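[1] Structure for the following, please:
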Amino acid sequence: MDDPTGTSQHPPLQSAPVTPRLNLPPRMSDSSLPLENLPSRTSHVNRMINSGYSPSPSRTIYSDRFIPSRSGSNFALFDISNSPVSSEGKEDGSGTYKSLLHAALFGPDTPQKKDSLSMPKSRNIFRYKTETRKSLHSISPFAFDEGTPGVSHTPVKAPRKVPRSPYKVLDAPALQDDFYLNLVDWASHNVLAVGLENCVYLWNACSSKVTKLCDLGIDDSVCSVGWAHRGTHLAVGTSNGKVQIWDASRCKRLRTMEGHRLRVGALAWSSSLLSSGSRDKSILQRDIRAQEDFVSKLSGHKSEVCGLKWSYDNRELASGGNDNRLFVWNQHSTQPILKYCGHTAAVKAIAWSPHLHGLLASGGGTADRCIRFWNTTTNTHLSCMDTGSQVCNLVWSKNVNELVSTHGYSQNQIIVWRYPTMSKLATLTGHTYRVLYLAISPDGQTIVTGAGDETLRFWNVFPSPKSKNTDSEIGASSFGRTIIR
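    Numbers count the residues shown, from 1 in each chain. This is a model prediction of the structure:
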């Protein structure tokens with residue numbers, strides 16, 4: 001390598017005989033020049049060498065190529081340290097990154113294994129610029145807070161805590177222990193409807209007031225209740241195969257519709273269209289605005305229909321039966337457009353996801369014990385979770401991507417799941433019989449569960465839409481144990 005100063009390669013502190021040489025192009029040699037004819041220039045060079053002459057720092061000496069040097073750079077201007085030099089005289093290019101990474105992980109005040117090299121006191125890179133210190137967020141491998149340099153202090157979100165005890169318990173005498181019935185529903189105007197034997201009772205969640213809506217008489221009993229999505233209309237399915245429509249605000253029956261030969265254990269609303277499922281294996285579509293008792297009849301199940309749910313866009317109806325089948329119908333079909341045969345027991349638990357179009361969850365009975373997820377858009381089975389117990393009900397949270405399942409034999413538990421991982425957020429216990437009934441509050445925070453132990457229990461399981469950790473207004477209304485009739 002050529003020496004940029006044009007001097008010899010001997011150590012600077014040792015003296016050695018030096019023969020004067022000129023920096024000449026490659027085509028020329030020293031022998032081609034008659035140095036003896038240049039006494040004045042030769043004597044001048046000798047005087048410079050013998051007198052220990054050193055170039056002036058203000059004078060720039062050029063060589064045949066440019067070799068950069070960082071010794072004159074002020075790295076403190078950019079808030080980074082100079083690159084350490086290895087024993088071989090080469091700069092360690094990773095030194096700056098290691099120092100920056102160490103400061104990001106352990107803080108700027110944490111000592112390193114080796115002391116940092118002292119900053120050379122030299123000129124600024126740009127003489128006309130005032131030296132300032134600025135943090136180099138753009139080159140840092142981590143995000144920095146303005147207050148404290150180092151790793152970002154964004155707090156890790158702690159798992160949401162679900163209360164393990166109900167905040168309220170209602171006594172519900174004569175609440176039937178029948179897997180195929182649906183006797184509890186929660187209205188959009190915050191009123192709970194409960195079927196007890198041959199009567200329907202209304203419980204106002206705001207005032208805790210109990211109202212007896214109807215009495216079917218000694219020869220009939222309530223098998224299902226279902227609120228319309230808007231307004232105060234309540235449908236009541238009976239053991240005689242009839243469906244009654246009541247105006248709950250006036251406690252007045254509007255009409256009675258027939259068509260089924262056996263008990264009506266499942267009801268589902270879609271705007272003004274009411275679907276009813278019966279033990280006679282059929283599903284009837286009823287338009288309460290029409291004079292006819294029903295406008296169409298859906299056939300396909302080989303046993304009692306015990307589960308009915310309309311999708312949130314009111315385009316698809318899912319039905320489950322005691323024949324272990326799950327069917328999907330559209331608004332105009334009389335035959336199922338999709339048939340799912342994955343369960344090995346009765347399918348009562350059905351729930352459509354409010355977060356993803358076409359996502360359907362279903363649960364099987366004692367011999368099955370599984371929750372299955374289906375994509376009705378692509379007609380595919382997505383996943384299966386063995387819960388270890390009879391699956392009685394399912395409901396999705398509309399505030400977060402979670403769902404609740406209630407169970408019967410043999411553990412009688414309530415489980416809060418996070419979807420799609422299906423990790424358990426909480427397992428709630430308290431019922432001593434199968435948890436056959438489930439409904440969710442209008443705000444999506446509270447669920448009510450009912451069982452053959454003749455109790456209704458209220459649980460705060462889901463966060464609110466705005467604040468994920470606030471308590472439900474419904475739960476704050478009253479505490480303790482009261483009777484619903």
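[2] and P166, that one's in a helix?
    No - P166 is assigned coil when assessed by DSSP: H, G, I helix; E, B strand; the rest coil, not a helix.
[3] can I assume it is in contact with T429?
    No - using C-beta atoms under 8 Å, P166 is not in contact with T429, being 10.4 Å away. Where C-beta positions appear, they are placed from N, C-alpha and C, glycine not excepted.
[4] Pick out whichever of these two has more residues nearby.
    P166 (24 against 12; other C-beta atoms under 10 Å).
[5] G259 versus the more buried one, what's the distance?
    38 Å (C-beta to C-beta, to the nearest Å).
[6] Please pull up the helix or strand immediately following the helix or strand V236 falls within.
    Per DSSP states H and E: V236 is located in strand 233-238. With elements assigned by DSSP H and E, the helix or strand that comes after strand 233-238 is strand 243-247.
[7] now that following strand: mean pLDDT?
    Mean pLDDT, computed over strand 243-247, is 97.
[8] which helices and strands does that strand pack with?
    strand 210-215, strand 233-238, strand 252-257, strand 273-278 (3 or more C-beta pairs under 8 Å, 6 or more residues apart in numbering; DSSP states H and E).
[9] what about L101, is that helix, strand or coil?
    helix.
[10] Where does the closest residue in space to G300 that isn't next to it in sequence fall, secondary structure wise?
    Excluding the flanking residues, the one nearest G300 by C-beta to C-beta, 6 or more residues apart in numbering is P336, at 4.8 Å. In the assignment (DSSP H and E), P336 maps to no helix and no strand.
[11] ranges for the strands of the stretch 101-250 of the chain?
    With DSSP state E, counting those that start in this stretch as the criterion, the stretch 101-250 of the chain has strands at 168-171, 184-186, 191-196, 199-204, 210-215, 222-227, 233-238, 243-247.
[12] Given the first one, what are its sheet partners and their directions?
    Just to be clear, that refers to strand 168-171. Sheet pairing of strand 168-171 (DSSP bridges) gives strand 455-460 (antiparallel), strand 480-483 (parallel).
[13] Highest mean neighbour count out of those?
    Most buried of the strands paired with strand 168-171, by mean neighbour count (mean count of other C-beta atoms under 10 Å): strand 455-460, with a mean of 22.
[14] What helices and strands are in contact with the strand holding V236?
    Using 3+ C-beta pairs under 8 Å, 6+ apart: strand 233-238 touches strand 222-227, strand 243-247, strand 264-270, strand 273-278.
[15] Serialize those to CSV and add fields for distance to V191 and mean neighbour count.
    Output for the helices and strands packed on strand 233-238, formatted as CSV (distance: least, C-beta to C-beta, whole Å; neighbours: other C-beta atoms under 10 Å):
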stretch, distance to V191, mean neighbour count
strand 222-227, 8, 25
strand 243-247, 12, 20
strand 264-270, 15, 24
strand 273-278, 18, 25
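[16] who wins for proximity to S311 among these?
    Checking those against S311 by C-beta to C-beta gives strand 264-270 as the closest, at 8.7 Å.
[17] residues in contact with the closest one?
    180-182, 223-229, 235, 237-238, 241-243, 274-279, 304-310, 314, 317, 319, 331 (C-beta atoms under 8 Å, 6 or more residues apart in numbering).
[18] Convert the C-alpha atoms of it to PDB, please.
    Provided in PDB are the C-alpha atoms of strand 264-270 (Å, rounded to 0.1, in the frame of the first residue of the first chain):
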ATOM      1  CA  VAL A 264     -92.600 -26.500  20.300                       C
ATOM      2  CA  GLY A 265     -89.200 -26.500  22.000                       C
ATOM      3  CA  ALA A 266     -87.300 -24.000  19.800                       C
ATOM      4  CA  LEU A 267     -88.000 -20.500  18.600                       C
ATOM      5  CA  ALA A 268     -86.000 -18.000  16.500                       C
ATOM      6  CA  TRP A 269     -86.900 -14.500  15.200                       C
ATOM      7  CA  SER A 270     -85.800 -12.800  12.000                       C
END
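[19] That one relative to strand 222-227, how many degrees between them?
    10 degrees (axes from the mean of the first three to the mean of the last three C-alpha atoms, to 10 degrees).
[20] Next, the angle strand 252-257 makes with strand 264-270.
    Going by the same axes, to 10 degrees, strand 264-270 makes 110 degrees with strand 252-257.
[21] Within the sheet, what are the partner strands of strand 264-270, with directions?
    When sheet partners are counted by DSSP bridges, strand 264-270 sits next to strand 273-278 (antiparallel).
[22] The strand it pairs with relative to strand 243-247, how many degrees between them?
    Using the same axes, to 10 degrees: strand 273-278 against strand 243-247 is 140 degrees.
[23] Quick check: which of the strands of the stretch 101-250 of the chain is nearest to Y409?
    strand 184-186 (19.8 Å).
[24] Give me the buried positions along the closest one.
    Neighbour counts over strand 184-186 (16 or more other C-beta atoms under 10 Å) mark 184-186 as buried.
[25] So for it, mean pLDDT?
    On average, strand 184-186 scores 98.
[26] again with stretch 257-270
    The average of the pLDDT scores along stretch 257-270 is 97.
[27] what about that stretch, start to end distance?
    17 Å (C-alpha to C-alpha, to the nearest Å).
[28] With stretch 366-376 instead?
    Start-to-end, stretch 366-376 (C-alpha to C-alpha) is 25 Å.
[29] Any buried residues in it, and which?
    Under the neighbour-count criterion of 16+ other C-beta under 10 Å, stretch 366-376 has 366, 368-374, 376 buried.
[30] Go through those and name the one nearest P159.
    I371 (21.3 Å).
[31] Sketch out the low-pLDDT regions of the chain for me.
    Scanning the chain for pLDDT under 70 picks out 1-94, 107-157, 467-481.
[32] Look up the residues forming beta bridges with the nearest residue to L213 once chain neighbours are set aside.
    The shortest distance from L213 to any non-neighbouring residue, by C-beta to C-beta, 6+ apart, is to V200 (4.4 Å). Beta bridges link V200 to G195, C214 when assigned by DSSP bridges.
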